[in-house]
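Engineer: My questions concern the predicted model and sequence given below.
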Amino acid sequence: MSRFVRQSFLGVNSEAVLDATTVGLVGLGGGGSHIVQQFAHIGIGRYVLADHDRIDFTNTTRLVGGTLKDIKNKMWKTEIAARLIRSLQPNAAIIQIRDKWQTATDQLKGCDLILGAVDSFVERDQLERFARRHLIPYIDIGMDVHDLRENGFLISGQVILSTPGNPCLWCCGLITDKQLKQEATQYGLAGGRPQVIWPNGILASTAVGLAIQVITPWFKNPPEFAYVEYDGNKGIVSTSARIKILKNQTCKHHPADEVGDPFFNISVHRQRLAEQRAKSHRWWKIILRRLLGSKPRPITLLQPTTTHRRKSSLKS
């Protein structure tokens, strides 16, 4: 019996679709670690994990899968995420990027879906632009704690599904020139935004739900744009009021012709194709693998010459 039998409503071939799907996860702290855990449970088979940090004591309040022993061992967040995935998906294909995600654009270009759980508005903007340029759906999650002075604190957050041609983070008002300017003036200051585990879990679950709608056959009309807001004080998750305003509007911040890789090099591309063909011609290795049985797909660390996997088809 398959361990996925109780989620068979996702579609007759959903197990194969999920296993063939490549997801890019940028930011593996509070929100990102929740997403990793849920994707592993649900059966996603291929991952590009990007985070340049190691776990520290402040992460232990919210980083799913992280332990005090991991701090002593100076574990990378990508290592912790890969370990969690392997505990449920032993044959998963995993690429770890222990650096800024901008250094691994080749790997991320091979993803069917990218999810970002980053703190910086600048990084959100860059990540969304990258995904749109390469026609990849992007899901952004984020939370914040606002000091209302005599009224205490307000926990809030949002999840936005952004796809080419539809409203973007700028259209939603999540990113503004004022925010970018304010962030630039505070660059390098010590400290980080307040974070707690339960809003991260709620927002991550919402993001995973949107991702599964996009990926699997069960949802007949998958969304191309979604904007969900979270009020942590009231315990409410709801569709943003901006949806009505933005519905059927074309994004003016990302021109339709702003696609493709501006740094594409045909010579490098041809060399990679030749390398891929050479590998595919090693028929004896394929037969040997079949005789010996399947083995776990390797965990790959970022290498300059690493080629990304061919994108699996998503439901249109």
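Structural biologist: Thanks, I have the structure now.
Engineer: Relative to the whole chain's centre, how far out is stretch 159-171?
Structural biologist: Distance, stretch centre to chain centre, for stretch 159-171: 15 Å (C-alpha atoms, centre = their mean, to the nearest Å).
Engineer: distance between the ends of that stretch?
Structural biologist: 14 Å (C-alpha to C-alpha, to the nearest Å).
Engineer: So for that stretch, what gets flagged as buried?
Structural biologist: Val159, Ile160, Leu161, Ser162, Thr163, Pro164, Asn166, Pro167, Cys168, Leu169, Trp170, Cys171 (16 or more other C-beta atoms under 10 Å). Just so you know, the C-beta spots here come from the backbone N, C-alpha and C atoms, and that holds for glycine as well.
Engineer: Then stretch 78-91?
Structural biologist: Thr78, Glu79, Ile80, Ala81, Ala82, Leu84, Ile85, Gln89.
Engineer: Stretch 215-227 now?
Structural biologist: Ile215, Thr216, Trp218, Phe219, Pro222, Phe225, Ala226, Tyr227.
Engineer: Likewise for stretch 137-145?
Structural biologist: Buried-residue list, stretch 137-145, by 16+ other C-beta under 10 Å: Pro137, Tyr138, Ile139, Asp140, Ile141, Gly142, Met143, Val145.
Engineer: give the contact list for the last one.
Structural biologist: Contacts of Val145 were listed using C-beta atoms under 8 Å, 6 or more residues apart in numbering, and they are Phe153, Leu154, Ile155, Ser156, Arg193, Pro194, Gln195, Val196.
Engineer: what about the second one, which SS state?
Structural biologist: It stands for Leu154. Under DSSP: H, G, I helix; E, B strand; the rest coil, Leu154 falls in the strand class.
Engineer: Contacts only, for the residue lying closest to it once chain neighbours are set aside.
Structural biologist: Leaving aside its sequence neighbours, Leu154 sits nearest to His146 (C-beta to C-beta, 6 or more residues apart in numbering; 4.4 Å). Neighbouring residues of His146 by C-beta under 8 Å, 6+ apart: Phe153, Leu154, Ile155, Ser156.
Engineer: do Ala50 as well
Structural biologist: By C-beta under 8 Å, 6+ apart, the neighbours of Ala50 are Gly24, Leu25, Val26, Gly27, Leu28, Thr78, Ile97, Asp99, Lys100, Trp101, Ala104, Leu108.
Engineer: Just these: which are in strands?
Structural biologist: Gly24, Leu25, Val26, Ile97 (DSSP state E).
Engineer: Pipe these into CSV and attach pLDDT, distance to Pro255 and neighbour count per row.
Structural biologist: Conversion of these to CSV gives the following (pLDDT from 0 to 100; distance: C-beta to C-beta, whole Å; neighbours: other C-beta atoms under 10 Å):
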residue, pLDDT, distance to Pro255, neighbour count
Gly24, 98, 23, 29
Leu25, 98, 28, 28
Val26, 98, 24, 27
Ile97, 97, 29, 25
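Engineer: Having no further points to raise, I will conclude here.
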